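Colleague: model this:
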Amino acid sequence: MFYKRLAAKFPDLKTNLLKSNMTISPEQYIKETVFYSVFLSIAILLIAFMFTKLFAIFYFFPLLFIIMFFYMFNRVHVHAKKLDEQISKEVVFAGRFLIIELESGIPLYNTFENIGRNYKYVGVYFNNIIEKVRLGTSLEDAINETIEICPSENLRKILWQVLNSISTGADIASALNSVIENIVREQNIAMKEFGNKLNPLAMFYMMIAVIVPSL
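Modeller: Numbering: from 1, shown residues only. Have a look, this model is predicted:
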């Protein structure tokens, strides 16, 4: 009951767990977070006591527990971020695969099945759509539900475009081309920005590792 009440304080937790592909309930996640927080707090305080020999240091337990709780609570966001990075490596290829399949005359349902078989991370979400449809959910509703639990903004863009094209009757392949081009453009910009940030760091490490020892 305690963990259920505490989980209710975080209304977005259930959705975030689904986005991070963590198959546990919010209550179980909170329970694990509390356990890890207590364990880490006690461990840190015991280590600190070994050096200081001050019993008063244990008065910091409540503060340390709160810090550890929110630190460990952030695991769900870390999982989602890592999953997003893995999806980003496949999303352009999967999107182009989707376009090629549709332009070849393959039905959308079968195309989703093929993507599910060929892409490790992106395929999870297309398999999720297929599974929902097999259980009786309409294709539109299955796509919409999958969008809600997808951690990748780029994959959500593709699925939104597919959903919008189905609703309006527009050609899906043609509409997806512009979406894929925008994703590629955004990824290129991100890579250039990363390169610009990396150059000063590389120069700094070169100075530390090469120039400074030679002096």
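Colleague: Show me the helices in this structure, by range?
Modeller: Counting by DSSP state H, the chain has helices at residues 2-8, 13-19, 26-52, 61-73, 75-103, 108-118, 122-134, 139-148, 153-168, 172-206, 212-214.
Colleague: Could you dump these into TSV and include mean pLDDT and mean neighbour count?
Modeller: C-beta: built from backbone N, CA, C; applies to glycine. Converted to TSV, these look like this (pLDDT from 0 to 100; neighbours: other C-beta atoms under 10 Å):
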stretch	mean pLDDT	mean neighbour count
helix 2-8	86	14
helix 13-19	90	18
helix 26-52	92	15
helix 61-73	93	15
helix 75-103	91	17
helix 108-118	93	17
helix 122-134	94	19
helix 139-148	93	17
helix 153-168	91	17
helix 172-206	72	12
helix 212-214	45	7
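Colleague: wait, residue 22 sits on residue 78?
Modeller: No - if you go by C-beta atoms under 8 Å, residue 22 and residue 78 don't touch, sitting 10.7 Å apart.
Colleague: middle-most residue in the chain, spatially?
Modeller: In the chain, the centroid-proximal residue (C-alpha atoms, centre = their mean) is residue 80; its distance is 2.4 Å.
Colleague: Might you report the residue contacts of it?
Modeller: Contact analysis of residue 80 by C-beta atoms under 8 Å, 6 or more residues apart in numbering lists 16, 19-20, 151.
Colleague: can you check residue 109 too?
Modeller: 130, 133, 139.
Colleague: can you do 10 Å?
Modeller: Shown in contact with residue 109 (C-beta atoms under 10 Å, 6 or more residues apart in numbering): 129-130, 133-134, 139.
Colleague: Please identify which pair of those residues lies farthest apart.
Modeller: 134 and 139 (11.0 Å; C-beta to C-beta).
Colleague: Save the contacts of residue 109 as JSON lines, and put in distance to residue 3 too.
Modeller: Below are the contacts of residue 109 laid out as JSON lines (distance: C-beta to C-beta, whole Å):
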{"residue": "129", "distance to residue 3": "32"}
{"residue": "130", "distance to residue 3": "34"}
{"residue": "133", "distance to residue 3": "35"}
{"residue": "134", "distance to residue 3": "34"}
{"residue": "139", "distance to residue 3": "37"}
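Colleague: Just give me the closest of those to residue 62.
Modeller: residue 129 (46.0 Å).
Colleague: wait, doesn't the closest one sit right on residue 135?
Modeller: No - using C-beta atoms under 10 Å, residue 129 is not in contact with residue 135, being 11.0 Å away.
Colleague: joint contacts of the two?
Modeller: residue 142.
Colleague: how close does residue 174 get to residue 99?
Modeller: Distance, residue 174 to residue 99, using C-beta to C-beta, to the nearest Å: 9 Å.
Colleague: For residue 111, which non-adjacent residue is spatially closest?
Modeller: Once flanking residues are discounted, residue 111 sits nearest to residue 101: 4.1 Å by C-beta to C-beta, 6 or more residues apart in numbering.
Colleague: contacting residues for that neighbour?
Modeller: So residue 101 contacts 107-108, 110-112, 114-115, 173 (C-beta under 10 Å, 6+ apart).
Colleague: what do you get for residue 182?
Modeller: By C-beta under 10 Å, 6+ apart, the neighbours of residue 182 are 154, 157.
Colleague: so how far is residue 156 from it?
Modeller: Counting by C-beta to C-beta, the gap from residue 182 to residue 156 is 13 Å.
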